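> Below: sequence and its predicted model.
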Amino acid sequence: MKNRLKIIRLEKGLTQEKLANLSGVSRATICGIERERVIPNGDTMCRLSLALKTPVWKIFFDFDVV
């Protein structure tokens, strides 16, 4: 699943470990999502959205589809 998780995480100055602690999502899951190897479920999307203080759609759906 295409996403902007890494870009937004870096803009916020967060490491994967810090985001994992803030969101309650494992660092391995965050890594997998950023590499587009893991498709996050709704709960994970919401946890990341809250931790990043960014709407879900901006992280996972705000991009041009080719």
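Okay, I see it.
> pLDDT score assigned to F63?
Looking at F63, its pLDDT stands at 63.
> and what of A28?
For A28, the predicted pLDDT is 98.
> does it sit in a helix or strand, and which one?
helix 27-34 (DSSP states H and E).
> tell me the angle of the next helix-or-strand element following that helix relative to helix 27-34?
Scanning forward in sequence from helix 27-34 by DSSP H and E, the next helix or strand is helix 42-52. Going by axes from the mean of the first three to the mean of the last three CA atoms, to 10 degrees, helix 42-52 is angled at 100 degrees with respect to helix 27-34.
> Tell me the buried residues in helix 42-52?
44-45, 47-49, 51-52 (16 or more other CB atoms under 10 Å). (Glycine included, C-beta is placed from N, CA and C.)
> Cross-check the contact I'm expecting between C31 and Q16.
Yes - the criterion here is CB atoms under 8 Å, and C31 meets it with Q16 at 5.9 Å.
> out of the two, which sits in the busier spot?
Q16 (19 against 15; other CB atoms under 10 Å).
> and the more buried one, what is it in contact with?
9, 27, 30-31, 34 (CB atoms under 8 Å, 6 or more residues apart in numbering).
> tell me the mean pLDDT for stretch 34-53?
97.
> Let's see the distance spanning that stretch from one end to the other.
Start-to-end span of stretch 34-53 (CA to CA, to the nearest Å) is 18 Å.
> now do stretch 6-22
OK, stretch 6-22 end separation, CA to CA: 15 Å.
> so how far is that stretch off the chain centroid?
8 Å (CA atoms, centre = their mean, to the nearest Å).
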